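Participant: Any chance you can model this:
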Amino acid sequence: MDILAELNPAQREAVEAISGPVLILAGPGSGKTRVITHRVAYLIKVCGVSPRHIMAVTFTNKAAREMVERLHRLARGAVGELTIGTFHAICARILRRDGKAIGVDSGFVIYDDDDQISLIKRSLQGVGLDPKQYAPRAIQSAITAAKSRLWTPADYLQHTHSYFEEVAQRVYERYQQMLTESNALDFDDLLMKAVQLFRQSPEVLSRYQSRYRHLQVDEFQDTNLMQYELVKLLAGKYRNICVVGDPDQSIYAWRFADLRNILNFEKDYPEAKIILLEQNYRSTGMILEAASHIISANQQRKPKDLWTENEPGVPVAVIETYTEQEEAQFVVNEVEQLVSRGEVRRGDCAIMYRTNAQSRIIEETFLRYGVPYKLVAGTRFYERREVKDVLAYLRLIQNPGDSVSLRRIINIPPRGIGQRTLDELAQWASSRGVPEYQALPMLVGQEGEDVAPQSPFRSHITRSLTGFVKMMEGFMARRRELDLVDLFDLVVASSGYREYILGEVGGEERWENVLELRTVAREYRDLSPDEGLTAFLEGAALVSDIDGYEEGADMATLITLHQAKGLEFPAVFIVGMEEGVLPHFRSFDDPDQMEEERRLCYVGVTRAKQRVYLVRAFRRSLMGSSRVNSPSRFLRDIPSHLVTGGDLWAGEDRRVADAVYAWNRAPAEVTAVPELKAGDHVRHAQFGDGVVVSCRPVKDDAEAVVAFDGAGVKKLLLSFARLEKVE
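Facilitator: Next comes the predicted model:
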């Protein structure tokens, strides 16, 4: 009863419905994560189900971690062998354990996006095509689309209808061959191979069906065909499958998520129980009502009547500015106004946009005004060069067949081994029927020989190659006797990587990233050397975009609408509310895409707890063109009693430059501006101490160029920067 005590009636019904298929349609902010965790705890503590028989699937590692933490509290630590994780992580585990039944070696490495592009370029060359003529990204997308439909290269051949598809099929076939040679799987293979395993090995499938008698799947509206088929196979015996999702928040069709999976759930499970979670705990009444009006125009949905006991709150602010520069100025101004009035912290504010390109002017404006911000999904930690370099060394130690990792680090630090040598090595290895790394020991001469007689390379190149292979063989020999951290330290020291990275411009910061990777490695130190290395590399490969988002820092968040899903903020600014931006122009001729654009807007609005600002520019320059855009059609769906702001629609036919701002409040008060000149010493709350390089008047303000000791040169408006003049 303690587990049920905190739940509302609909949530309690969802938790107690433990037998047979269950579809939980959960509106935004309705406590779906609470329902899933309480449901698992209820199965364990009340129904006596062994944690070993339960699988809970999430879409991010962050969500999985939060679920585990909640379950430890709810179930008082009795989680045992409970399986919680993302689809990709769970499938990787299954394939390492049982993939040999379909020829998957348990030591496989997982290729990330950069690795895949590198291999696709080589695959294009392998079939006699120029990577400059056929965009590797387009080929990658075609291969992913084929895999999302569970098409092998042979299957894809039956579905080619254009020359590009014929090219993509040829590259796909070579790409898979090279993955196999490298003992590697890409992200899509993790899912596809798991489905193939269950389809081709009834004995293995039966074993997993018997183990996982209760399945919980979160964010079901975002599943693709492979994921749907996977859970359908696993649930085939007991049919105790509970899926949670919201068709109105399905925004990943470009990743091949299939909305039909949740809309047609009852066709595969006609006995399914449908439960609606309609009470919202996040947003004010006016925000929720505005969002409901925006989404109600869609046809592909299951209607819900969202409601809340929260206060009505303030109306949605619909704001018109003249240009994207003034749009950004309004956002920064309003953030600082809210902070100065004590209504929010900066960290409570999120600025959301449809495309990454929109962030540029917003970033520049935050910097110009000296207001701290953080950009979600800049260069992610695991995509940084120095991090990928060290990971490549460790991946090659785990799997010598990994040709992508070999090519990445064979000349890092520089060893005089260029692209021509690598191409010749590939040809020489191919002529002997072995992978590239396995060909390297053939170059090592016998005792008394400088180099092996059969080496096709000049002696100095052969010595570089043999020096590299001897170093790697030394690492591999120590792999099973050193824990992960000690192996990590050996690699960065003995390879010369530490000296190499510190010798570069910005090397100290890059070395700090290497040390941060070492901190991650420490989490695996208690595992055996083999288990630790495998788990560490797998964890690094499976980190998702949203896993990089950290709460707590008192800085405004700049984030795309796609990345914002699953997050919440007291104040949300959605910029670019114009036809052609949101909704995006590519959706104009496709009703399905237009519905997804509407869902994207709905997701953005429902991230907000207290305030929503929908901001548009009368004229916008974006991606090389400048144009006047009409207000977004989604704005028209919000009734006037839910909106505050100027007369937005009066500006629609305006063709003159004197657009009227609809900011609906005075700009921030100008604070006392110190008189500054070149050479003055100043202090900034975020950037620290610096020296004024120049200072010039700008309208009713002044702009100072300041060289800060640790933060570099910044341009700051003095009325916002709050610079303190120091002696």
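Participant: show me where the stretch 201-350 of the chain has helices.
Facilitator: 202-211, 225-234, 260-263, 265-268, 285-295, 324-340 (DSSP state H, counting those that start in this stretch).
Participant: for the fifth one, packing partners?
Facilitator: Spelled out, it's helix 285-295. Other helices and strands packing on helix 285-295, by 3 or more C-beta pairs under 8 Å, 6 or more residues apart in numbering; DSSP states H and E, are strand 316-321, helix 591-605, strand 608-617. Any C-beta I mention is one placed from the backbone N, CA and C, and that applies to glycine too.
Participant: how about 7 Å then?
Facilitator: Judged by 3 or more C-beta pairs under 7 Å, 6 or more residues apart in numbering; DSSP states H and E, helix 285-295 is in contact with strand 316-321, helix 591-605.
Participant: Only C-alpha atoms, please: export the longest one in CSV.
Facilitator: In other words, helix 591-605. Once non-C-alpha atoms are left out, helix 591-605 reads as follows in CSV (Å, rounded to 0.1, in the frame of the first residue of the first chain):
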residue,chain,number,x,y,z
PRO,A,591,0.6,16.2,-44.2
ASP,A,592,2.4,13.6,-42.1
GLN,A,593,5.4,15.8,-41.7
MET,A,594,3.2,18.8,-40.9
GLU,A,595,1.6,16.9,-38.1
GLU,A,596,5.0,16.1,-36.7
GLU,A,597,5.9,19.8,-36.8
ARG,A,598,2.8,20.5,-34.8
ARG,A,599,3.8,17.8,-32.3
LEU,A,600,7.2,19.4,-32.1
CYS,A,601,5.7,22.7,-31.1
TYR,A,602,3.4,20.9,-28.6
VAL,A,603,6.4,19.2,-27.0
GLY,A,604,8.2,22.6,-26.7
VAL,A,605,5.3,24.3,-25.0
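Participant: Could you list the low-pLDDT ranges of the stretch 451-600 of the chain?
Facilitator: The model of the stretch 451-600 of the chain has pLDDT under 70 over residues 451-454, 544-552.
Participant: actually the stretch 601-727 of the chain, not the one I typed
Facilitator: Applying pLDDT under 70 to the stretch 601-727 of the chain flags residues 622-625, 646-674, 698-701, 710-711, 719-720.
Participant: at 90 instead, please
Facilitator: 618-629, 644-727 (pLDDT under 90).
Participant: how about the helices in it?
Facilitator: In the stretch 601-727 of the chain, the segments counted as helices under DSSP H, counting those that start in this stretch are 633-636, 718-721.
Participant: quick one: buried residues of the first one?
Facilitator: Using 16 or more other C-beta atoms under 10 Å as the test for burial, helix 633-636 gives 633-635.
Participant: and which of those residues is nearest Ala564?
Facilitator: Phe634 (15.9 Å; C-beta to C-beta).
Participant: and the closest residue to His641 other than its chain neighbours, how many neighbours does it have?
Facilitator: Spatial nearest neighbour of His641, chain neighbours left out: Pro315 (7.7 Å); criterion: C-beta to C-beta, 6 or more residues apart in numbering. The number of residues packed near Pro315 is 19, by other C-beta atoms under 10 Å.
Participant: how much space between Pro315 and Arg611?
Facilitator: 10 Å (C-beta to C-beta, to the nearest Å).
Participant: Repeat that for Leu717.
Facilitator: Note on Leu717: its distance to Arg611, by C-beta to C-beta, is 24 Å.
Participant: Neighbour count: the two, which is higher?
Facilitator: The neighbour comparison of Leu717 against Arg611 (other C-beta under 10 Å) goes to Arg611, with 24 against 20.
Participant: which residues does that one form a beta bridge with?
Facilitator: Applying DSSP bridges to Arg611 gives these bridge partners: Ala571.
Participant: check contacts around it.
Facilitator: Arg611 is in contact with 314, 570-571, counting by C-beta atoms under 7 Å, 6 or more residues apart in numbering.
Participant: Same question for Arg12.
Facilitator: So Arg12 contacts Leu4 (C-beta under 7 Å, 6+ apart).
Participant: Am I right that it sits in a strand?
Facilitator: No - counting by DSSP: H, G, I helix; E, B strand; the rest coil, Arg12 falls outside a strand, being helix.
Participant: Retrieve the pLDDT associated with it.
Facilitator: Arg12 carries a pLDDT value of 96.
Participant: tally of neighbours for the closest residue to Gln610 other than its chain neighbours?
Facilitator: Leaving aside its chain neighbours, Gln610 sits nearest to Pro570 (4.9 Å; criterion: C-beta to C-beta, 6+ apart). For Pro570, the neighbour count with other C-beta under 10 Å is 16.
Participant: okay but Pro570 is in contact with Thr557, surely?
Facilitator: No - counting by C-beta atoms under 7 Å, Pro570 sits too far from Thr557 to count as a contact (11.4 Å).
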